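**Student:** predicted coordinates and the sequence they were generated for:
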Amino acid sequence: MASSTAGGHCFLLALLLLSSAAYGQLSEDFYAKNCSKLGTIVKEEVSRALSRPRGGDPRMGASLLRLFFHDCLPQGCDASVLLDMNADVTKGRIIDSSEKQADPNRNSLRGFEVIDRIKGEVEKACRGVVSCADILALATRAAVVELKGPTWPLLLGRRDSTTANVTAANTALPGPNSNLDELIEKFQNKGFNARDLVALSGAHTIGRAQCQFAEQNQQARCLLNGTPGPLDVQTPEVFDNSYYGNLPERGLLHSDRVLTSREDVKVFVEEYKSNQTTFFRDFAIAMERMSRLGVLTGTNGQIRTDCRRVLNN
Ligand code: HEM
Ligand SMILES: *[C@@H]1O[C@H](CO)[C@@H](O)[C@H](O)[C@H]1NC(C)=O
Ligand SMILES: *[C@@H]1O[C@H](CO)[C@@H](O)[C@H](O)[C@H]1NC(C)=O
Ligand SMILES: *[C@@H]1O[C@H](CO)[C@@H](O)[C@H](O)[C@H]1NC(C)=O
């Protein structure tokens, strides 16, 4: 596998070179001058957060990946998902308009404290320089690599939103009971085709889901101790292609199982099941594209100090 992965990296490099001109303000070395330690800090903190001997938990890698997906899909990779927007007072009632309160996120998203910790360390090293949006993008990639998954080129220079949009989160994100047409439509709305949908769903090779989201006949996997069940029943702490081998019968979510329900989509499941290199390559390309969705650059947005709060000047 090593040699074919190298081929994949060359391809990704070519892709990066081609795309960097078109996305003007994002660049690979954006923080090179003002925060050269950024990469090292993020890797160290992610590594700690995922390491059992160091008090961490490998599942946190999955939680960070999902947090990034839920940030990017609704209004772009702008760290809007991290904001606590519970200060809206309307008709004497406090309305929480955080994306955290959206149905796909409430009592479900994890990893906020890890981002807070990384941001704290980054602020100590270089105050007011690095956005929360870039920290989340970097932490996600570091987490996937830590769990033995692929890497991808990451251009930096995202800025943080001053708004959150709970409606966008409710609208853009798919649910566990979505059927195939709904999944295809929600991904197509963000420029991803059915092949991308299948590649990105491979994220469910790591992490866990609560019983309430699991297909009826798979509930034995999560009822034990009331712990959330593994999305990939074989190796939930390793980013590999075994997720695809479990479909459809041992897919945990309905939305996983429907990926084999139509022949023209099932072919991608079969392809990724039989060749992990192809899965890694396509997942990396799709993640790189996801990481550029709706980014704020230049003078748009801001650099937050606290990832949970809009900075008021
Ligand atoms: C295709 C549509 C998708 C649906 C319907 C879906 C739905 C879900 C649900 C319901 C959970 C369990 C949440 C909980 O128990 O609280 C979950 C977990 C997860 N999802 Fe997805 N997801 C989808 C696609 C994706 C994508 C594209 C990614 C990332 C690229 C992703 C990454 C994850 C990860 C890593 C977990 C485990 C999180 C953890 O252990 O904390 N999912 N997903
Ligand atoms: C780096 O610091 C210089 C000097 O303060 C500033 O002009 C520049 O905008 C900063 N660059 C970034 C990416 O923060
Ligand atoms: C919030 O998202 C909804 C659904 O995508 C969109 O129609 C609306 O314009 C957004 N609101 C703002 C203030 O951007
Ligand atoms: C797997 O796919 C890669 C490219 O995606 C290809 O180079 C390699 O030959 C394939 N391996 C097998 C065993 O088919």
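**Tutor:** In hand now; what should we look at? Numbers count the residues shown, from 1 in each chain. Ligands and ions are numbered 1, 2, ... in the order given.

**Student:** distance check, residue 234 against ligand 3.
**Tutor:** Residue 234 is 37 Å from ligand 3, where distance means CB to the nearest ligand atom, to the nearest Å. In short, each C-beta sits where N, CA and C put it, glycine included.

**Student:** count the residues that sit near residue 190.
**Tutor:** Using other CB atoms under 10 Å, residue 190 has 16 other residues around it.

**Student:** quick check: next helix or strand after the helix or strand of the chain with the lowest mean pLDDT?
**Tutor:** Using mean pLDDT, DSSP states H and E, the weakest-scoring helix or strand in the chain turns out to be helix 2-22, at a mean of 51. Per DSSP states H and E, the first helix or strand lying C-terminal to helix 2-22 is helix 38-50.

**Student:** nearest residue to whichever residue of the stretch 101-250 of the chain sits closest to ligand 4 in space, please, no chain neighbours.
**Tutor:** Among all residues of the stretch 101-250 of the chain, residue 241 sits closest to ligand 4, at 10.8 Å; criterion: CB to the nearest ligand atom. Nearest non-adjacent residue to residue 241, counting by CB to CB, 6 or more residues apart in numbering: residue 276, 4.1 Å away.

**Student:** you'd agree that neighbour is up against residue 240?
**Tutor:** Yes - with contacts counted by CB atoms under 8 Å, residue 276 reaches residue 240, the gap being 6.3 Å.

**Student:** the two - which one has more neighbours?
**Tutor:** Each of residue 276 and residue 240 has its neighbours counted (other CB under 10 Å); residue 276 has more, 22 against 19.

**Student:** could you say whether residue 141 sits in a helix, a strand or coil?
**Tutor:** helix (DSSP: H, G, I helix; E, B strand; the rest coil).

**Student:** ok, the residue of the stretch 101-250 of the chain closest to ligand 4 to residue 247 distance?
**Tutor:** 11 Å (CB to CB, to the nearest Å).

**Student:** so for those two, which residues contact both of them?
**Tutor:** Listed contacts common to residue 241 and residue 247 are residue 273; contacts here mean CB atoms under 8 Å, 6 or more residues apart in numbering.

**Student:** for the residue nearest to residue 241, phi and psi?
**Tutor:** When read as degrees, to the nearest 10, the backbone of residue 276 gives phi -70, psi -30.

**Student:** could you do residue 302 as well?
**Tutor:** According to degrees, to the nearest 10, residue 302 has phi -150, psi 170.

**Student:** list the contacts of it.
**Tutor:** 159-160, 162, 310-311.

**Student:** can you tell me which two in these are farthest apart?
**Tutor:** Greatest spatial distance among the contacts of residue 302 (CB to CB): 159 and 310, at 12.2 Å.

**Student:** same drill for those two, tell me which one is more crowded.
**Tutor:** Taking neighbours as other CB under 10 Å, residue 159 and residue 310 compare with residue 159 leading, 22 against 17.

**Student:** can you tell me the closest non-neighbouring residue to that one?
**Tutor:** Nearest to residue 159 is residue 301, by CB to CB, 6+ apart, at 3.4 Å.
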